[in-house]
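Novice: Predicted model, plus sequence, below.
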Amino acid sequence: MKYNYYYNNVPGKGLCRNNLIYTSLMNEEQTEFVQWYHNDTEYHKGQNQVVDPKLMDQKWERELIFLQFMEVEAPNMIPKIMDIDTKQRKIKLAVQGPDFWEQAKCSVNGFEKVCPNWADQMLDIISKHAELGLYKFSLHPSSYFVENGMLKSINYFFCYSEEENQIAVKDVLSHVSEDRQKKLFPAMANMGISFEQPEEFFNLQMLCFESFRDDYPSEFIEEAKAIYVRDSRI
């Protein structure tokens, strides 16, 4: 079976990498999506952000831990894991076509056409994360696929458990695109969040939601934040 680089066709920008950590692949039939934890300069078009092999290893390990945790705790909320190749560091997921964002033509205006109740479904997934004590910071619309009208969550390399030690924004900045950094820093200033000092995961989750305000309707962001306010154990 042949696999090709997988991109999002963003209006006004053209083909853009689907993820800035790993290399995204998809088969020609669009039934299999592969997260390849490999620093591929051709795929990233020379804009590689995670270039430290040790950091890539950490992202791979984190993906394995939390994706497989979700497979046990909420298998209906992630795509079916078809294969895990630990040698090549590839995870193969069963999909039905391009990701949610791509199907929506990379615009919030297309969300309801693809999945009429997308907001309720996404909030259910976020609620499950909160219930499980998880903080997931990869929330871009391309971090979801659609299977028989149901959203499936991916990209757990940027997920943390409430039981882990706190992190600082500076420690994970390489995971954040330059465009999102432009939204992140003003939000940090407004929320009084330090760049250098470790922060509570709850605060970082709130910061994450704020940085995605341009990607989702405002009312959705407020409902997502309210989930963690309700379920916060801090």
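Specialist: Good, I have the coordinates.

Novice: residues contacting Met82?
Specialist: By C-beta atoms under 8 Å, 6 or more residues apart in numbering, the residues touching Met82 are Glu32, Lys92, Leu93, Ala94. For every residue, glycine as well, the C-beta is placed using N, CA and C.

Novice: What is the burial count for the second one?
Specialist: Lys92 is surrounded by 20 other residues when neighbours are defined as other C-beta atoms under 10 Å.

Novice: and it, what are its bridge partners?
Specialist: Val34, Asp83 (DSSP bridges).

Novice: Check Arg17 too.
Specialist: Tyr7.

Novice: how about the contacts of Met82, which pair is most distant?
Specialist: Farthest-apart pair in those is Lys92 and Ala94; separation 7.9 Å (C-beta to C-beta).

Novice: so what's in contact with these two at the same time?
Specialist: Glu32, Met82.

Novice: and the closest residue in space to Phe66 that isn't next to it in sequence, what is it in contact with?
Specialist: Nearest residue to Phe66 in three dimensions, chain neighbours excluded: Tyr156, at 3.7 Å (C-beta to C-beta, 6 or more residues apart in numbering). For Tyr156, the contacting residues are Arg62, Glu63, Ile65, Phe66, Leu67, Met70, Lys136, Ser138, by C-beta under 8 Å, 6+ apart.

Novice: Pretty sure the last one sits in a strand.
Specialist: No: following the definition DSSP: H, G, I helix; E, B strand; the rest coil, Ser138 is coil and is not counted among the residues of a strand.

Novice: Identify, by residue count, the longest helix of the protein.
Specialist: helix 53-73 (DSSP state H).

Novice: which helices and strands sit right next to that helix?
Specialist: Applying 3 or more C-beta pairs under 8 Å, 6 or more residues apart in numbering; DSSP states H and E, one finds that helix 53-73 contacts strand 81-85, strand 90-94, strand 159-161.

Novice: The closest residue in space to Ser153 that isn't next to it in sequence: neighbour count?
Specialist: Nearest residue to Ser153, sequence neighbours excluded (C-beta to C-beta, 6+ apart): Ile125, at 5.0 Å. Neighbours of Ile125 under the rule other C-beta under 10 Å: 20.

Novice: what does the helix or strand hosting Ile125 rub up against?
Specialist: Per DSSP states H and E: Ile125 is located in helix 118-131. Outside helix 118-131, the residues within contact range by C-beta under 8 Å, 6+ apart are 73-74, 77, 100, 111-112, 115, 135-136, 144, 150-151, 153, 159, 217, 220, 223-224, 227-228, 230-231.
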